[in-house]
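Novice: When you get a sec, could you give me coordinates for this:
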Amino acid sequence: QGTRPRHGRHAVFCLHGGMPERDRQLLCPVRRKNSALKGGETSMKWFSKKKAPAPMGSILQSTPRFSESGWCSEFYGLEEQMLYGQLRAAVPVIDAAIGKIVRLTGDFRLVCDSRRFQPQLDAFVREVPVGLTGQSLQCFADSYLDSLLTYGNALGEMLVDPRTGVLTGLQTAPPHCVHIRQGSSVSSREYWLMGESASEMQRIAHPERILFTALNPPAGQPYGISVLRGLPAISRILLRIYECIGQNYDRMGNVRYAVTYKPSGDPAERAYAGERTRQIAKEWSEGMRAGTHGEIRDFVCAGDVDIRVIGSDNALLDTEVPVRQLLEQLIAKLSIPPFLLGLNWSTTERMSTQQADILTSELEYYRRLLEPALRRIGTAFLRLAAAVSVVWSNINLQDETELAQARLWNAQAEEIEQRLAANAAATGKESFS
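Specialist: Got it, this is the predicted structure:
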């Protein structure tokens, strides 16, 4: 008996621990909201009215969709750098753009103020070992700039012979291997080798041998920002479009046939419809299999047989507009004219000239980032015996004919100016006399 009066009694069942699972399932307790039973008791109604099911509405809710616009914001540090490396491997346009920026930056020459050390400095620039397989300071600068553009930070080290103190080589390293801290003064730095945890970091004994450059670091931050920041989300959409194009061509490009046999109203023909269908399928499969070996067979059958290409009524989606919009975002971020990447978007010659001028300013900015590291290398090689400066070659993105014509016009303008100055001087002397 429960807690209620006798006229309103109800049964109270206590599930026994040794009861089989099959018997437990027969007991389907229905809990009441206002029941106040002891621990382990479960209230249950035996004769309860079945509620009519709620009427089904006419509104259906689809599966919730989650936006992936900010999916790359959760990657920081090593994960972010791995993401940028995978991005270059997955999107050829990004890898080609960074490679062209590195090559278009051009070559350089280290010049010291003492002519006595210039031959030694030139030999060092040509023959300095870089890593295990590289040679020349140009090789180091290319790898250094490639890391700077991809990860936003570039890390290098000057290898010095401990016995002689001579600079014998250079090498580049992944930027995430080193953690930067402020030293005893505002301008000093401390470099720490990263470990599995913060307690396992090791301080580098010679920070003067470390070369580190950051690209557009935020205020108060030592680390820079990659030029690929913001491109993973756009690249993911672009790769998804290409994947869908490949799947559509697998379905529609690889032609598949639907062979339909329609028997007539003759009872005798309908009796053998299944057997004729299996025979048609067998002969059709053998004919298609023979076509893969270069043997052409004709398909001849009697009766009403309909052969159609599956999906022939549907056309592929036009992806030119969305793909171009995504590529425009990529190119705008990388500051590369489209014609340098083989993209023909009906660009006029005047627009190409303006884009080349903009790219020239971008390359000069990257040169300014590389100059401090190159000067430090040259000064370290000469052991502070002479000052070193970097002389870059001219960035040539224009036609040689246009450059020659510009030089001719400049020479003619200079000649006219000198002639006018000479005439003015002669006129002044005559009036004075």
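Novice: Just to check, residue 137 is in contact with residue 110?
Specialist: Yes: with contact defined as CB atoms under 8 Å, residue 137 counts as touching residue 110 (7.4 Å). Heads up, the C-betas are built off the backbone N, CA and C, glycines and all.
Novice: Could I get the contacting residues of residue 179?
Specialist: Contacts of residue 179 were listed using CB atoms under 8 Å, 6 or more residues apart in numbering, and they are 191-194, 201.
Novice: for those, which one is nearest residue 332?
Specialist: residue 194 (34.0 Å; CB to CB).
Novice: So for stretch 152-171, mean pLDDT?
Specialist: Taken as a whole, stretch 152-171 has an average pLDDT of 91.
Novice: mind listing the strands for the protein?
Specialist: Per DSSP state E, the chain carries strands over the ranges 12-13, 42-43, 108-112, 129-130, 134-135, 153-160, 167-173, 178-182, 189-193, 202-203, 210-214, 257-262, 304-309, 388-392.
Novice: Output the ones you listed in JSON lines; the columns should cover distance to residue 286.
Specialist: Formatted as JSON lines, the strands of the chain follow (distance: least, CB to CB, whole Å):
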{"stretch": "strand 12-13", "distance to residue 286": "69"}
{"stretch": "strand 42-43", "distance to residue 286": "68"}
{"stretch": "strand 108-112", "distance to residue 286": "69"}
{"stretch": "strand 129-130", "distance to residue 286": "63"}
{"stretch": "strand 134-135", "distance to residue 286": "60"}
{"stretch": "strand 153-160", "distance to residue 286": "63"}
{"stretch": "strand 167-173", "distance to residue 286": "61"}
{"stretch": "strand 178-182", "distance to residue 286": "67"}
{"stretch": "strand 189-193", "distance to residue 286": "68"}
{"stretch": "strand 202-203", "distance to residue 286": "71"}
{"stretch": "strand 210-214", "distance to residue 286": "67"}
{"stretch": "strand 257-262", "distance to residue 286": "13"}
{"stretch": "strand 304-309", "distance to residue 286": "15"}
{"stretch": "strand 388-392", "distance to residue 286": "70"}
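Novice: Quickly, which of the ones you listed bottoms out on average pLDDT?
Specialist: Minimum mean pLDDT among these: strand 42-43, a mean of 46.
Novice: picking up where we left off before, for residue 102, find the nearest of the strands of the chain.
Specialist: Using CB to CB, those put strand 153-160 closest to residue 102, at 11.7 Å.
Novice: Which strands and helices lie in contact with that closest one?
Specialist: In terms of contacts (3 or more CB pairs under 8 Å, 6 or more residues apart in numbering; DSSP states H and E), strand 153-160 is packed against helix 137-151, strand 167-173, strand 210-214, helix 349-382.
Novice: Residue nearest the middle of the protein, spatially speaking?
Specialist: The residue lying closest to the centre of the chain (CA atoms, centre = their mean) is residue 87, at 2.7 Å.
Novice: Report the set of residues contacting both of residue 137 and residue 110.
Specialist: Any residue near both residue 137 and residue 110 by CB under 8 Å, 6+ apart counts here, and that gives 125, 374.
Novice: Which one of the two is surrounded by more residues?
Specialist: Taking other CB atoms under 10 Å, residue 137 and residue 110 do not tie; residue 137 has more neighbours (25 against 21).
Novice: quick one: contacts for the closest residue to the more buried one other than its chain neighbours?
Specialist: Distances taken as CB to CB, 6 or more residues apart in numbering put residue 125 closest to residue 137, at 4.5 Å, once the chain neighbours are dropped. If you count contacts by CB under 8 Å, 6+ apart, residue 125 has them with 109-110, 136-138, 378.
Novice: Could you check how far residue 125 is from residue 108?
Specialist: Look at residue 125 and residue 108: by CB to CB, to the nearest Å, they are 9 Å apart.
Novice: Residue 134 too?
Specialist: In terms of CB to CB, residue 134 sits 16 Å off from residue 108.
Novice: Specify which member of the contacts of residue 125 is nearest to residue 96.
Specialist: Among the contacts of residue 125, and counting by CB to CB, the member closest to residue 96 is residue 138, at 20.4 Å.
Novice: Report how many residues lie close to that closest one.
Specialist: When counting by other CB under 10 Å, one arrives at 17 neighbours for residue 138.
Novice: If we ignore the residues flanking it in sequence, what's nearest it?
Specialist: residue 107 (5.8 Å).
Novice: Need the phi and psi values for that neighbour.
Specialist: Main-chain torsions, residue 107, degrees, to the nearest 10: phi -100, psi 170.
Novice: who's in contact with it?
Specialist: Residue 107 is in contact with 138, 392-393, counting by CB under 8 Å, 6+ apart.
Novice: Relative to residue 392, how far out is it?
Specialist: Applying CB to CB, the value for residue 107 to residue 392 is 8 Å.
Novice: Residue 332 too?
Specialist: For residue 332, the distance to residue 392 - CB to CB - is 26 Å.
Novice: Show me which of these two is the more surrounded one.
Specialist: Using other CB under 10 Å, the more surrounded residue of residue 332 and residue 392 is residue 392, with 17 against 9.
Novice: Which positions in stretch 298-306 come out as buried?
Specialist: residue 305 (16 or more other CB atoms under 10 Å).
Novice: That should have said stretch 320-333, apologies.
Specialist: Under the neighbour-count criterion of 16+ other CB under 10 Å, stretch 320-333 has 326-327, 329-331, 333 buried.
Novice: same question, stretch 276-288
Specialist: Of the residues in stretch 276-288, 276, 280, 284 count as buried by neighbour count, 16+ other CB under 10 Å.
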